[in-house]
Each structure stands twice: as C-alpha cells, then as structure tokens.
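1. Show me how the following folds:
(chains A and B)
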Amino acid sequence: MQNPTKRILIVDDDQGILDSFEVLLGDRYHLIKAENGFDAIRILETDPPHLMFLDIRMPGLDGIEILRRLQKEEKCVDVVIITALDQENAEEEARSLGVIDYLKKPLDIFEVERITSQVLSSGLQSAN
Amino acid sequence: MDSKKPPKSVRLQTRLILYSTCLIVLIMSLVIILVENRMSETIQDEARKRGMAIARNLAAVSTNALLTYNYVALEQNAEKVALDPDIVYVIIHDKETRVAAYSQRDEKQGTILTDEVSRIAVKAREPVVQPIVSEEKKVPMLDISAPVYIKESEEKWGTIRIGLSLERMQKEIAKTRLNLFLLGLFAIGLSILGSILLARRITRPISKLVGMTIRAARGDLDQIIDIQTRDEIEELGKNFNHMIEQIRIHRNELENRLREITSLKAYTDHILSSMTNGLMTIDLEEKIVTLNQMAERILGMRREEIIGLPLGQVFGDRHPLYRLMADTLLHGEVMFHSELELEKGEASLWLMVSTSLLADGEGRRIGAMVVFQDITEIKALEQKLRQADRLAALGTLSAGLAHEIKNPLSAIKTFVQLLPKRLENSSFMEKFHVTVPREIDRINQLVEDLLELTRRRARPMVNLDVNRVILQIIDLHGEEMERKKIFFENRLDRTLPSIQGDSERLYRAFSNLVINAIQAMPNGGSLTISSEQEPSSSMVKITFRDTGIGMDEETARNLFNPFFTTKDKGFGLGMALTHKIVEDHRGTIEVMSEKGKGTIFSIRLPVVKV
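-> Sure, this is the predicted structure:
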C-alpha cells in the first residue's frame, strides 16, 4: 500500500484540512501541500502529482479555475474535489471538467483512502 | 320707442323744430313790433310836420288879416285850409284870444274858447301839438297851434290852430301793420320750413348713429357707418366707427382668451383625469377644491359628495391624510414621498404621499395640495421581497456558517477517525493535540463571533488610545508580515486625542482589517496605517491602506455582509463584525478598492469630549 513515490497534491486554504491530509496520507505518499491556487498552479507546472485533492473556494484562484486551466493545457491529473460548499452547480461544473470524484466536507477517511488507493493502484493512474 | 318710460322722450327733430320755431316767432314778433313802432312814429311825425306846415303857412298868410282884424279874410283863409280832408277844423284866434275864424262853425266867431286845449294853445308862445279826440266822430286828432308874430316884435298877434284828423294816418298804420304781419307770417313759415330741413339734416345721421348703436348694443359689431356731413356729426360717426372697431377687437381678443382658457381648462382637466396619481387640493378653509378621478378611485369617494366640504369633516380629524394636509396648510410642512397607512376595511391602504403649498401668482398662500399613489401592492411586494431578502441573507449566512464550520469539522473528523488506530503513534498524537483543539477553538470562535455580531448591548466604554491598540495588532502579526514580505508604514499621529470605546472589541475590529490586508498581499506589499484628528469634525480618522489584490465593486459593496462570497473569495464574519463594532462606537467605516491596486479602509470614531 505504501508508495512514497506517488505524489499527492492537496490544495486548500484551510490549515486544518492540510493538517488532516498530512496525518492521513503523509506517511504513505509524497504529499505536497498548497495553500492557494497560485501555489497549486506552480506545483502543477513544475512537479505534476499523480493525484490532486482540490478545494473549490479559495482566495485569488479557486478550484474550478484551476480545473479549467488544466483542461485548457490538456494536463492529465486525476482530481478529487473536496469542498464545504453544498452547491449542485459547482459539482456539475467540476464533474464536467473531468474530476474523478466530488467529496463533501467533513471528509470521511475511509472514502479518501479508498479513492486514493483506487486511483494510485489502478489504471486510472495517470502517466507521468 | 318705449312709451312706458316716465319722462317721455321727445324726438330730437321735433325738439329742434319746436325750439327754432319759437325762436323765429319771437324774433319776428320783435321785428314786427319794432318796425311797426318805427313806422307809426314816422307816420305820426309826418302828420305832425304836415299839420305844423299847414299851420305855419296859414299863420304866414293870415298875419296881415290879424293885424287889421280882418275877420272875413281870416275866415276865408280858414275855410280854404279846411278843405283838406284831413283837417277837421281850423281856428284863428286874434290878439285878444277871441275866435276870429272857425271853419264851418261861424257861430263861434268872437267867442273865447275855454276848454283846456284851447287855453294851452292860446297861451303858448311856441307852436304846440296836443293830441285830442274829436267829440263827434271819436277819432284821434292832433290840435296843432302856431303863434303869430310880426317881424322884430315880441308881441303875439294871434294863434292859428288846426285840428288834424289822424284817421287816415291810423288806417295807413293799420295797413302797414297788416302787411308786416303777413310778411312776418310768411317769414315764420319759411323759417320753420328751413328749420325742419336743417333739423332733418342734423338728425338723420344721428338717427343713423342711433340705429347703429342699437344694433351694436344687440351685439352686431360688424357694421360701418358712413356719414359725410363734414361736421361734428361726421366726426362722431368716425369716432363711433373707431369705437366699434375697438370693441370688436376687444371682443375678439376676449373670445380668443376665453377659447384659450377653455381649452387650457379642458387640458388641465384632461391631465387631472389622466393622472395615474391621486390629486386633491384644499383651500385656506380646508375645503376640498379639487379631486381627480384617480383620487376618487383610491380613496373610494365620489367627487360630487365631498367637493366643497371641509376635509376634516369628510375624513375625520384624526385621519392621517387630514393631519398631513392641515400641517402643510398651517405650518408649511411639506411632505415628499412619505408613506402613509390608511385603514380600509380590514386591510390597510398604503399611500405614497407628497404635499405642497398652493400659492397664487403673488406668492400668497391659497391652499394645499396632496398627490398620492396607491402603493399597497408595492408595499406587499416589498414585504415579500424583504422576506425573500431575509431568507436569502439567512441562506448566505447559513451557507457561510456551514462552510466555515465544515472545514474544522472535517479536520477534527479525520483526526478522530484516525485516533483508534494511531493511539500509539506519538507523532500523530502530538499533531492531534495541536490540531483538534485548534479546530474546535475555530468553531467556538465562529460561534462567539456570531453571538458578538448579534449582540445588542455593548460593554461599558472607557477612554482609550487608538494608536496603542493598532500597534498591539501589528506587533502580533509582525512576524507573519515579515515572512510574507509585507512592509508596515506607521503614520499614526502621536498627538491623537483619546476616544471612548471598548478596546477589546476595537482590537477585534482592527485585527480583522490587518488580517484582511495580509491576505490580500500574498506576494508582499505594504500596509500603511494612519491616524489623525479631522479638523472639521470631532472625529478620529484611522486609515488602513494595502497594496494588495483589491476587489471589484460588487465585493466592496457587500464586504460587510456576513459570509458574503464571491467566486474568488469568501469572507467570514470578520468584516461584518468590524462593521458592527465601529457602528457600536458611533463611528463609520468606508471601503475604497481597486482591483489589482489595493484597498483602503477609512474608519471615523468620535473623540471624547473633555
């Protein structure tokens, strides 16, 4: 199960979320944390992850915008949305932009782990 | 024309003829009397002269006979003279006054006549004429006596007397008088005829004028009189024409004015009835003067029933509309777009009311006017909107709240879910003890903020130094700012007066602004905080200026709404709280922002009065 070569990017402006991902996945995967959209873009360009957990509502550059850029630049990254928003149109938009899943906060660790192992071990995993 | 009139009117023509006739008759009578008198005098004078001549003649031829007392010769002379038909008698008196000769009366010879006339005649030393009346024929006569003198002697030698009949003379006078009378009659007739013609000539144009005035009085002004008499009448006619012309012009002008006024009235009536607003006016006695159709419809009253009645009587003294109008009328209190609730059955009628004073052209108050609009439906809609607004605000608030709570909840859940498996993992437990209480505190803070935001009463205020509060905040965030390459520029006024406030709450308020500024400058920048006392008012002004990402207009406008979110950014309760705290300090907060350039928050707080 452990695969520190697999890089997971977590993008959220909430320190608590970043901390919880750290304890949940940090010891098994190479976890990269981004506090805002700009950092995320930079990381996506320089060091693309195998999986990205992405928050939608963030100052400056939000999750949907990041998804749009990814699609525009034809970058294949598996993205799971993690959001506290309860908006149907946001989910629809995100799904239309090709996200793997759409998780609502508060997150369930089993779900996060299931999706993570599923993505990183199966063929869904993107080529580097 | 009007025979019933007491002073009967006499036609001018008749009057003219009558007056001129009277005048002519008077003048002619005077002329006739004068001429007759003159002629009578002449005739009498002639008779007298003739008589005197005869007497003198006889005296001349009888002088010798008198000297010689030759009575025969004297008698002959007397008889010869008496042949004249006008001579009634010839008497010759001798020196001793005896009758020397008496024509056809021989028996008187030698006698002395004692009658008064004879005595005067005999005594007289000059010729004397005495009027007498003959006894027999009762004809008027003249007794003419002439004394006889011889040359160079004063002695009177006798008296010659002639009785001259005036009968013929009088007949002549009568004849002349008759002629004159006839002539006078003719002249009068002729004059009357002339005066009639003249009167007609004068009165015909006047009649014309009269006829015209009558027609003009009846309203026929389209006439022109044509009089050519070359005198005052013509002038009068011309003036009359001019006058009629003037009257016609005036009448036309008046008619035009009337037409204008009528059409203007119709126009205003039309405006009033087409107005979608109700309009009502009252006069100084508060009586209803105007009420348009919309007002009838809105108030549910009929114009005919309330026009002219006092407003207070129609609506009652306590009716809001009456009070409004009375205030406007009495105190000049003008209302603009104020809302008024009237009872209408069980429901309420909401009016948007504007009142104004009515003044005449010279600015004198003549009444008051009210214009109103039925806004009951708008009001109901507003109510619904407000409800919807409240719901939407509640939605935003709860969504924001959910978002803010779900993040820490998510973290806590993760840690708690991992706890059973990792109880032995000291590194995890370390993180657990840091993260879980922190996240729980966050939720608690959120709840505290929410309570703070909705708290009604503030804590007691104390005198405090704003600069100190700000510097404390900067101190706390100094390290973070340094890390994020944010430069702090201190422009705090050291002589700033103290203000009255709650330092803890102001700390929260300013903290939020500083945190906001730091968040707005992820790539560094500068934060300038200045404080100063505004010279024009007793306020302290504190400004937070950052060079961050700024925000658009909509964001800036909604910044102080709790949990307001845009696509980019969500604000928690921070800004709303800041706003609330500043307001609780009787201060104001303004935000100016330009996207990409930065944001300026200006806070004004009242200075403590010393």
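
2. Helices of chain A, residue ranges please.
-> Per DSSP state H, chain A carries helices over the ranges A:15-25, A:37-46, A:63-72, A:88-96, A:109-121.

3. Need the winner for burial among these.
-> Most buried of the helices of chain A, by mean neighbour count (mean count of other C-beta atoms under 10 Å in any protein chain shown): helix A:15-25, with a mean of 22. The C-beta positions use only the backbone N, C-alpha and C, and glycine is treated the same way.

4. which helices and strands does it pack with?
-> strand A:7-11, strand A:30-34, helix A:109-121, helix B:376-422, helix B:426-454 (3 or more C-beta pairs under 8 Å, 6 or more residues apart in numbering or on different chains; DSSP states H and E).

5. ok, how many other residues are close to B:Arg50?
-> For B:Arg50, the count of nearby residues is 18 (other C-beta atoms under 10 Å in any protein chain shown).

6. avg pLDDT for stretch B:117-131?
-> Mean pLDDT, stretch B:117-131: 85.

7. So what's the gap between it and the chain middle?
-> Relative to the centre of its chain, stretch B:117-131 is centred 98 Å away, using C-alpha atoms, centre = their mean, to the nearest Å.

8. wait, which of the helices and strands packed on helix A:15-25 is closest to B:Phe336?
-> helix B:376-422 (17.0 Å; C-beta to C-beta).

9. tell me the mean pLDDT for that closest one?
-> Across helix B:376-422, the average pLDDT comes to 87.

10. and that helix with helix A:109-121, angle?
-> For helix B:376-422 against helix A:109-121, the angle by axes from the mean of the first three to the mean of the last three C-alpha atoms, to 10 degrees is 70 degrees.

11. so does helix B:376-422 get close to chain A?
-> Yes: using C-beta under 8 Å from any C-beta of the partner chain, helix B:376-422 reaches chain A at B:399, B:402-404, B:406-415, B:417-418, B:422.

12. Of those residues, keep whichever come out buried.
-> Buried members of the residues of helix B:376-422 next to chain A, scored by 16 or more other C-beta atoms under 10 Å in any protein chain shown, are B:399, B:402-404, B:406-415, B:417-418, B:422.

13. Quickly note the distance from the residue nearest the centre of chain A to chain B.
-> Centroid-nearest residue in chain A: A:Phe53, 1.6 Å away (criterion: C-alpha atoms, centre = their mean). Using C-beta to the nearest C-beta, to the nearest Å, A:Phe53 is found at 11 Å from chain B.

14. can you list the residues of chain A near chain B?
-> A:12, A:14, A:16-17, A:19-24, A:36, A:38, A:57, A:59-62, A:82, A:84-86, A:104-110.

15. hang on, the earlier thing: my understanding was that the residue nearest to the centre of chain A contacts A:Arg7; is that so?
-> No: assessed by C-beta atoms under 8 Å, A:Phe53 is found out of contact with A:Arg7, at 12.0 Å.

16. quick one, which of the helices of chain A is nearest to B:Ala295?
-> That would be, of the helices of chain A and by C-beta to C-beta, helix A:88-96, which comes in at 50.0 Å.

17. tilt between that closest one and helix A:63-72?
-> With the same axes, to 10 degrees defining the directions, helix A:88-96 sits at 20 degrees from helix A:63-72.

18. Touching helix A:88-96 from outside, list them.
-> Helix A:88-96 is contacted by residues A:Ile56, A:Gly63, A:Ile64, A:Leu67, A:Ile81, A:Thr83, A:Tyr102 when judged by C-beta atoms under 8 Å, 6 or more residues apart in numbering or on different chains.

19. Point out where chain B drops to low pLDDT.
-> Scanning chain B with the threshold set as pLDDT under 70 gives B:1-8, B:137, B:456-458, B:564-571, B:609-610.

20. Find the centremost residue of it, please.
-> Taking C-alpha atoms, centre = their mean, the centroid of chain B lies closest to B:Gly361, which sits 9.2 Å from it.

21. Next up, phi/psi of that one, please.
-> In terms of degrees, to the nearest 10, the main-chain angles of B:Gly361 are phi -60, psi -30.

22. From chain A, how far out is it?
-> For B:Gly361, the distance to chain A equals 65 Å [C-beta to the nearest C-beta].

23. With B:Asn77 instead?
-> 181 Å.

24. Show the subsequent helix or strand relative to the helix or strand encompassing that residue.
-> Element membership of B:Asn77 [criterion: DSSP states H and E] is helix B:71-82. Per DSSP H and E, the first helix or strand lying C-terminal to helix B:71-82 is strand B:87-93.

25. How about exporting the helix or strand just after that next one as PDB, limited to the C-alpha atoms?
-> The helix or strand immediately downstream of strand B:87-93 is strand B:99-102, counting by DSSP H and E. Written as PDB, here are the backbone C-alpha positions of strand B:99-102 (Å, rounded to 0.1, in the frame of the first residue of the first chain):
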ATOM      1  CA  VAL B  99    -112.100 183.300 -32.100                       C
ATOM      2  CA  ALA B 100    -111.500 185.300 -35.300                       C
ATOM      3  CA  ALA B 101    -112.400 182.400 -37.600                       C
ATOM      4  CA  TYR B 102    -113.600 178.900 -37.000                       C
END
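
26. Which residues does strand B:99-102 contact?
-> B:66, B:69, B:71, B:74-75, B:77-78, B:89-94, B:108-113, B:158.

27. Which ChimeraX command selects the buried ones in the residues you listed?
-> Selection of buried members from those for ChimeraX, criterion 16+ other C-beta under 10 Å:
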select /B:66,71,74,75,77,78,89,90,91,92,93,94,108,113,158
